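# sequence plus predicted model, see below.
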Amino acid sequence: MATVSYHFVSWASAGPLSDLQPGSVHSWSIWGGGFDYGDAIMANAHPVGRGRALAVENFQVRSDPNGLRMATFNVRNVGARSIPGYGIGIAMVDN
């Protein structure tokens, strides 16, 4: 039977000058085990505040020579306003 796990992480700027600006990107990684070949992994980003938009892009899963898997992805501000913070929901379903 499949097992579903969920994690939530967040990012907050140190002040208006370090907000995520329109078109800017943050890179994220998930590693250290926890998922195997065939597992389903999903991430989505939730901006703080109204009238803002984020996209999760370039989601990749890699395996090192020892079989350890790592996922990488980018969070891009696709809106017209700066973003002072956001959360990322990550879900994994094992096979």
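Cool, the structure landed.
# wait, Met92 sits on Ala43?
No: with the criterion set as C-beta atoms under 8 Å, Met92 and Ala43 do not qualify as a contacting pair; they are 9.8 Å apart. (C-beta placed from N, C-alpha, C; glycine too.)
# which residues in this structure form strands?
4-12, 25-30, 40-47, 54-63, 69-77, 85-93 (DSSP state E).
# out of the ones you listed, the one nearest Ser18 is which?
The stretch from the strands of the chain with the least distance to Ser18 (C-beta to C-beta) is strand 4-12; that distance is 9.4 Å.
# what pairs with the closest one, parallel or antiparallel?
Paired with strand 4-12 in the same sheet, following DSSP bridges, are strand 85-93 (antiparallel).
# what residues of the partner strand count as buried?
By 16 or more other C-beta atoms under 10 Å, the buried positions in strand 85-93 come out as 86, 88, 90, 92.
# please give me every residue in contact with the second one.
Taking C-beta atoms under 8 Å, 6 or more residues apart in numbering as the definition of contact, the neighbours of Ile88 are 8-11, 28, 43-46, 56, 75.
# quick check: it vs Asn74, distance?
Ile88 sits at a distance of 11 Å from Asn74 (criterion: C-beta to C-beta, to the nearest Å).
# quickly list what's touching both of these two.
Here Ile88 and Asn74 have 28, 56 as joint contacts, going by C-beta under 8 Å, 6+ apart.
# for this structure, give me the ranges with low pLDDT.
Low-confidence segments of the chain, defined by pLDDT under 70, are located at 33.
# please repeat the previous calculation with a cut-off of 90.
Across the chain, the ranges flagged by pLDDT under 90 are 1-3, 31-38, 63-64, 66-68, 94-95.
# what's the burial count for the closest residue in space to Gly51 that isn't next to it in sequence?
In this structure, Gly51 finds its nearest non-sequential neighbour in Arg81, 6.0 Å apart by C-beta to C-beta, 6 or more residues apart in numbering. When counting by other C-beta atoms under 10 Å, one arrives at 16 neighbours for Arg81.
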